[in-house]
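Participant: For reference, the sequence and a predicted model appear below.
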Amino acid sequence: QPLAASSNSDVPIDPLVNLDINSPDFKTGVTALSNILKIQRHHDYLVMLKAIRILIQERLSPEAIAKASQSREGIPVTLDKHT
């Protein structure tokens, strides 16, 4: 959830609230991230940013990394029976 701007200086302000989506820096940053993460380009930079967020949440979160590193057990298959 975005953090609300407040007069209380102890409350952090969400930097995305004041994001200028038409800024060349924003577009360059989103493009650079999409290239690093191998996300397909799209004419709408907000769509690319949403894809980046989804990939990070689903694939790069600590929980996702821990789950991916767990060994997966399966049924062993003898290859010589299938040749």
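Facilitator: Received, thanks. Residues are numbered from 1 along each chain as shown.
Participant: per-residue confidence at residue 9?
Facilitator: At residue 9, the model reports a pLDDT of 62.
Participant: Quick check: the closest residue to residue 56 other than its chain neighbours vs residue 52, distance?
Facilitator: Closest residue to residue 56 apart from its sequence neighbours, by CB to CB, 6 or more residues apart in numbering: residue 37 at 7.9 Å. In short, each C-beta sits where N, CA and C put it, glycine included. Per CB to CB, to the nearest Å, residue 37 is found 6 Å from residue 52.
Participant: Same question for residue 12.
Facilitator: Taking CB to CB as the measure, residue 12 falls 22 Å from residue 52.
Participant: Helices of this protein, start to end?
Facilitator: Secondary structure of the chain by DSSP state H: the helices cover 24-36, 45-59, 62-69.
Participant: Relative to residue 23, how far out is the closest residue to residue 33 other than its chain neighbours?
Facilitator: Excluding the flanking residues, the one nearest residue 33 by CB to CB, 6+ apart is residue 52, at 5.3 Å. Remark: distance between residue 52 and residue 23 (CB to CB) = 17 Å.
Participant: More neighbours: these two, which one.
Facilitator: It is residue 52, of residue 52 and residue 23, that has more neighbours when counted by other CB atoms under 10 Å, with 16 against 11.
Participant: Right, I'll leave it there.
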